[in-house]
Each structure stands twice: as structure tokens, then as C-alpha cells.
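Engineer: Pasted the sequence and its predicted model underneath.
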Amino acid sequence: MDEWELNIENIGYFFGKHTFRFKPGANIISGPNAAGKTSLLHAFQLLLPKSSKVIDPHFLNSSALTGKVSLKNGNDNFFAELGRTSDGIVRIRKQKLLTKKEIATQLVFLTENHELMDAVIKGDFAILKDWFIRMTELNYFEKAYAICIKLDSRYRDEKGKESQKLLMEKRRLQTEHKKFLSNINKKKTEFEKFQLSEVSETADPALLVQFKSISKELGESKNRLSKLKETKRELSSLVPALKRKKDTLELELVIIGDEFNSAKDRIDSFNEEIERLDDEIARMRVKLREKNSEISQREILITNFTQTLTNDTIECQHCSSIISKEKLSQKLKSIEDENLRFKEEKMAISNNMSELQKRREECEKKLHNLKVGLPKDKKNLKKRIQRLNNDINRKQRNLEAAQENISNIQTEIEKLQGIYDGLQVQIRKKSEKKQEIQIMEREIQGELTQLEKQLISTEENLAKIKTQLSWLKIYDVQRRNLKQITLFLQKKIVSVQENILDKINNHLEQMIDELNIPRLKNIYFDDNFNIKIIRKTGMPGDFKELSGLERRLIAIIVGYSIKNALLRKFPFFIIDETLHTADDTSFQHIVDYIGQKVDLLIVTRLGKFHDLEKDVIAQENILFWENIS
């Protein structure tokens, strides 16, 4: 594997051009604070995706206006170019990235203030779970699930508010409706009493009796007319609803008819295919019998020739001449070869018959499934449509009869009204208070008209309220749809979570087994993203009892396992000063292990060169400096 060459120019503490070469595997960078270790890691971060082209100004050297990073490995060349604007903002101008995944920076850079490191060291698994969800596709499913729950709650609240508001308005309108009806009846009664009292003072008894009779008939006719109009309104609203229902059923019938015809066509096609396969199988059987007959004849000839070859002299049965054994043997061999060829042809025919038989069974199975799945509701739909047609016709006849009755009653009312008006004229002519009666009539009639208008307006508002209440059912439909989506997201979240946790736990188990960490037999995540540990004794351990160094080692192991599960093919892994408290043996052990697993491992460590052990110093993959000039 080729070594990695990093060229940087004006990055962080580095002013000017600098070149660093990293060999495959582990590379340790050791030095004191402000020596430029983190600046070197910033160069790697510039080759990874960022949410914005505007970056931290510290990435670019304060004395420079432009900077550049390039990373080479064989024929691969990745780069980033930086520039500082006039207002001091540092932007990325050009980039060729190592990967397009934005989570790479969080997965391959393990620093002291990393969320994962901080959560594991503190034992705060809630923060760890939140970080883990953001790093995976669970983030999108969790957001979608939260949106669905929020929408469901909003729909429920909106429906409750709207329903309560409409019901209160409905009750208010119903109260007003009753009040208006009561006032109208009072005014009518008052009007009739007033008329009768005035008539009794001015008219003779015979005229009064006739007037009462006509007034009673007129009132009864008006009541009948009111009832018939109500019946007509009900029928008028019912007929369109029945027609719409009929249209829906006819559309379903057309769809089922299409499905039925399509299924019948496929059934006919399968029947034709089965007949064709049966003919083919019959032909194959005839061929098979012919081949069996030929093979039997050849076997008889082979037996006769074999017996003849045992004789010392062989005479021809036709000419009595002597035939040589060599010719007879050749003839026998020819017949045996031909018999072998016939057997091979027989085997091929048998195989073809088996394949044809399988195809025929498949066709029969598909045919059976089609017959079972044929639409069975066609006749029922036709009957329902016929019943609806009968209902519509009956309602239409009732509607026409009601209209005819209304016309008759209106004619009768007009006649009675004429008589009634004539009697009123006669009575008023005989009354000395005609002008007063007319004024009172107009006032009462005006009040009646106003009350009737208010009554009609109230009835219209009540109809609107009923329509709006029926529209609220759309909230139930939306909530049912949301419930299906929510159930799907719940299953998807559980599935994705189990899949990712299985990958991470398998890798953790392998790492712990290979690293052989003291006191630890296994580490794994449970379903709630809590880290569980198993001691060497096989007993569960308490995470709080672990030392700070053990927690840091676990954080590095967990971080690398998550990177390996979510970003397996990414070439490098970086650990920045998270192992500065580890002894050299533990430090070298974990570094050597991870260095064997990745193409490039870079580990920074706080300290001076003489702080490292001699066997560590002797390794080639070490960069060391104390300051940057």
C-alpha cells in the first residue's frame, strides 16, 4: 500500500508550504501544546464534507489570505483551497473530498471534546443515544415519527375545538329557532283573535260563522301545504344522494367487470397453454415409446451378435459364406454405439417431458389461483344497483305526487283565500274601525314577515352547521392515514436500530476479544443505547465502577466500532489527545490494533519525545516536534 503525502500551505500554525508523509497503519504525533498537532488534523478535516462553505477562521493562518491542503495516495489526489474575504470571513473555494457523507467528520475524528467521548466518560447514555441517532438514518425516521405524532395531536385538538364550537353554535341556533317558532305562533294567534274580535263587533252572526269556517279550512290547508313542502325538500335531497350512490356502484361494477374480463382472458390463455403442453407431452410419450422399441431391437441384435462371436466359424445366414470376427465385432460396436445414442435421446426426451409436466402443473396452479380470485361481487352489485334504481323511481314518483298535491292544495288555498278575502272585505265594510284594523294588520303582518325571515335564516345556518359537522370527518380520515404512517415508521425505526446495533455489537465483541482488555470480557449496546459491560468472570459490571482510563478506552473502541459499522470503507481514523493519560504499553496496544484495521491511523499525544519508551521511539511511523517556527 502507498504512503500518504499531506501538503499544507498556510493552515493553522503552519505558515508557508509543508509536506508530511504518513506510512500505512498507525502514525503517532507527539508534542507539547501549541506545537501544531491540531492544525495538522484541521488539514484532514478540510477534506471532509461541511454543512457550510464558511469555516472557522483559525483553520487559515492569521498571516495569510489563502491556504491549500492536498492529500495524495498513489493516483488519488484530494485537495481543498481556502481564501479570506475582505471582511475576515474564511471560505472554502474548491474541494475534492474524500467522501460525500457529512457524518464523516463526526465518525473519523475522535477528540477530547467529542460528544461521544464526553458522553461515555460521563456515563450519560441519553446524550450518546441522541448523537448516535443523528449519525444514522434513524435521524430521518425519528423526525418523521415526531412530525406524525405532532400532526395527529394537532388534528385531534383542531377537530375537538371545531366540533365544540359548531355544536355550541348549533344549540344556540336551535334555541333561536324554537323561540322564533313560538313568537310566530303567538303573533298568528294574536292576529286571529284581533280579527275575530273586530269582526264580532261589526259583522252579523251568519257572516261570522262563515268567516270562522273559511278561516279554519284555510289554516288546515296551509298546514298541509307546509308538510308537503317539507316532504318535497326531503325527497329532493334524497334523490341526488341515491343517484350518486348508484353512480359509485356502477363505477365499481365497471372496474370489477374489467377485472373479471381480464381474469377470463388469462384463464383462457392458461387453458390454451395447458392444452398445448398436453399435446406436447403426448408427442413426447409417442417418441419415448418409439425409442424404447428401437432400444429393445438393438439390445436383441447385440445379444445375438455377442452369442455369434463365441463360435469359431461364423457363416452368413443368407449366402452361407464365412464372415470374419473382425467385421462382426465392428458391426457389433456400431450397433452398441447406436443403441447408446438412442438411450441418450431417450433420456433427453424424458427430461423434456419432466420439464413440460412441471410447466403444466405451474399453469394449473396459476389457473386455480385465478379462478379462486375471480370477482364474486358482480351479481351483488347489479342487484344493489337495481334496488337503487327502484328506490330512485319510487322517490321520483313520490316527489311528483307531492308536487301534484302541492299544486292542488295551492289552488284550493287560492280559492279559500279568495273567499276569505271577500268575507274580510264585507266584514270590513261593515266595520266602523276599518282603518284601525288595516293598520294593526300591517303591523302584525310585518312582525310575522320579519320573524319568518329570521326563521328561514336560522334554518339555513343550521343546515350549514350540519354540513360543517359532516366535514369534520376528514380529520378522522387524516388521523387514520397518520396512524398507518406512524406504525410503519415505528417498525422501520426498530428494524434499522436492530440492524445497526447488531453490526456495532458484533464488532465490539470482536475488538474486545482481540484486544484482551483486563477485567473486561465483552461490551455491548442494549436496545436503549446503554453501554453494558461483562467482566472476565462472566458477571455484569457497573459502568460507574470503571476508571477514567477504562472509560476512555471504551469510548475509543465504541467510536471505532460505530465508524466501522456506518463508514466501513473510509480509509483513515484520527484520535486527538484522548489517550494522553494512558501508559505507553496500553497506548501502544490500542494504537497497534486499530492501525492494523485501517489504511491510515493518526494519533496525537501530549508530551515530548523523550517521554516515550525506547521501543516506541524506534518505530518509523512517528512525527515529533516541539514548536513551529
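Structural biologist: Great, that's in hand.
Engineer: can you give me the offset of the biggest helix by length in the chain from its chain's centre?
Structural biologist: When every helix of the chain is counted residue by residue (DSSP state H), the longest turns out to be helix 205-308. On the basis of CA atoms, centre = their mean, to the nearest Å, the separation between the geometric centre of helix 205-308 and that of its chain is 33 Å.
Engineer: quick one: average pLDDT of that helix?
Structural biologist: Over the span of helix 205-308, the pLDDT mean works out to 76.
Engineer: Which other helices and strands does it contact?
Structural biologist: Helix 205-308 sits against helix 138-202, helix 325-372, helix 378-430, with contacts defined as 3 or more CB pairs under 8 Å, 6 or more residues apart in numbering; DSSP states H and E. (Each C-beta comes from the backbone N, C-alpha and C, glycine too.)
Engineer: Turn these into JSON lines, columns for mean neighbour count.
Structural biologist: Output for these, formatted as JSON lines (neighbours: other CB atoms under 10 Å):
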{"stretch": "helix 138-202", "mean neighbour count": "14"}
{"stretch": "helix 325-372", "mean neighbour count": "14"}
{"stretch": "helix 378-430", "mean neighbour count": "14"}
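Engineer: Buried residues of stretch 453-472, list them for me.
Structural biologist: Burial within stretch 453-472, assessed by neighbour count using 16 or more other CB atoms under 10 Å, is assigned to 454-455, 458, 461-462, 465.
Engineer: which of those lies closest to residue 512?
Structural biologist: When the buried residues of stretch 453-472 are compared for distance to residue 512, the smallest value, 68.8 Å, is given by residue 465; criterion: CB to CB.
Engineer: The closest one is in contact with residue 172, isn't it?
Structural biologist: No - at 9.7 Å, residue 465 does not count as touching residue 172 under the criterion of CB atoms under 8 Å.
Engineer: Quick one: end-to-end length of stretch 102-110, please.
Structural biologist: Counting by CA to CA, to the nearest Å, you get 15 Å between the two ends of stretch 102-110.
Engineer: So what's the gap between it and the chain middle?
Structural biologist: 29 Å.
Engineer: The longest helix of the chain versus helix 325-372: what angle between them?
Structural biologist: Comparing the axes of helix 205-308 and helix 325-372 via axes from the mean of the first three to the mean of the last three CA atoms, to 10 degrees yields an angle of 170 degrees.
Engineer: and which of the buried residues of stretch 453-472 is nearest residue 351?
Structural biologist: For residue 351, the closest of those turns out to be residue 465, at 77.3 Å, with distances computed as CB to CB.
Engineer: in what helix or strand does residue 569 lie?
Structural biologist: Here residue 569 sits in a region with no helix or strand, counting by DSSP states H and E.
Engineer: Can you list phi and psi of it for me?
Structural biologist: Here the main-chain torsion angles of residue 569 (degrees, to the nearest 10) amount to phi -90, psi 0.
Engineer: Tell me how many other residues surround it.
Structural biologist: By the criterion of other CB atoms under 10 Å, residue 569 has 7 neighbours.
Engineer: Also residue 42?
Structural biologist: Residue neighbour count, defined by other CB under 10 Å, stands at 21 for residue 42.
Engineer: From residue 15, how far out is it?
Structural biologist: Distance of residue 42 to residue 15, given as CB to CB, to the nearest Å: 14 Å.
Engineer: before we move on, what about residue 112?
Structural biologist: Separation of residue 112 from residue 15 (CB to CB): 26 Å.
Engineer: now swap in residue 490 and tell me
Structural biologist: Distance of residue 490 to residue 15, computed by CB to CB: 55 Å.
Engineer: out of the two, which sits in the busier spot?
Structural biologist: The residue with more neighbours, out of residue 490 and residue 15 and counting by other CB under 10 Å, is residue 15; that gives 16 against 13.
Engineer: Wait, a helix at the more buried one?
Structural biologist: No - assigned with DSSP: H, G, I helix; E, B strand; the rest coil, residue 15 falls outside any helix and is strand.
Engineer: Verify the contact between it and residue 63 for me.
Structural biologist: Yes - applying CB under 8 Å, one finds residue 15 in contact with residue 63, separated by 5.7 Å.
Engineer: where does the stretch 501-629 of the chain dip in pLDDT?
Structural biologist: 580, 607-629 (pLDDT under 70).
Engineer: What's the local residue count around residue 244?
Structural biologist: Applying the criterion other CB under 10 Å, we find 10 residues in the vicinity of residue 244.
Engineer: Hmm, I typed the wrong one, I wanted residue 570.
Structural biologist: Residue 570 has 18 neighbouring residues, counting by other CB under 10 Å.
Engineer: Give me the distance between it and residue 111.
Structural biologist: Distance of residue 570 to residue 111, computed by CB to CB: 17 Å.
Engineer: related to what we said a few turns ago, format the helices and strands packed on helix 205-308 as TSV; extra columns: distance to residue 282 and mean pLDDT.
Structural biologist: Compiled in TSV, the helices and strands packed on helix 205-308 are given as follows (distance: least, CB to CB, whole Å; pLDDT from 0 to 100):
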stretch	distance to residue 282	mean pLDDT
helix 138-202	59	70
helix 325-372	10	78
helix 378-430	37	73
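Engineer: hang on, residue 94 in a strand?
Structural biologist: Yes - counting by three-state DSSP, residue 94 falls inside a strand.
Engineer: can you pull the contacts of it?
Structural biologist: The neighbours of residue 94, taking CB atoms under 8 Å, 6 or more residues apart in numbering as the test, are 79-81.
Engineer: and residue 6, helix, strand or coil?
Structural biologist: strand.
Engineer: And for it, the neighbour number?
Structural biologist: By the other CB under 10 Å criterion, the neighbourhood of residue 6 contains 22 residues.
Engineer: Please, which helix or strand holds the nearest residue to it once chain neighbours are set aside?
Structural biologist: With CB to CB, 6 or more residues apart in numbering as the criterion, residue 6 has its nearest non-adjacent residue at 4.5 Å, and that residue is residue 20. Using DSSP H and E, residue 20 sits in strand 14-22.
Engineer: And that strand, what's buried?
Structural biologist: Going by neighbour count (16+ other CB under 10 Å), the buried part of strand 14-22 is 14-15, 18, 20, 22.
Engineer: show me the contacts for the residue nearest to residue 6.
Structural biologist: Contacts of residue 20 were listed using CB under 8 Å, 6+ apart, and they are 5-6, 8, 40, 623.
Engineer: mind checking how far it is from residue 571?
Structural biologist: Remark: distance between residue 20 and residue 571 (CB to CB) = 16 Å.
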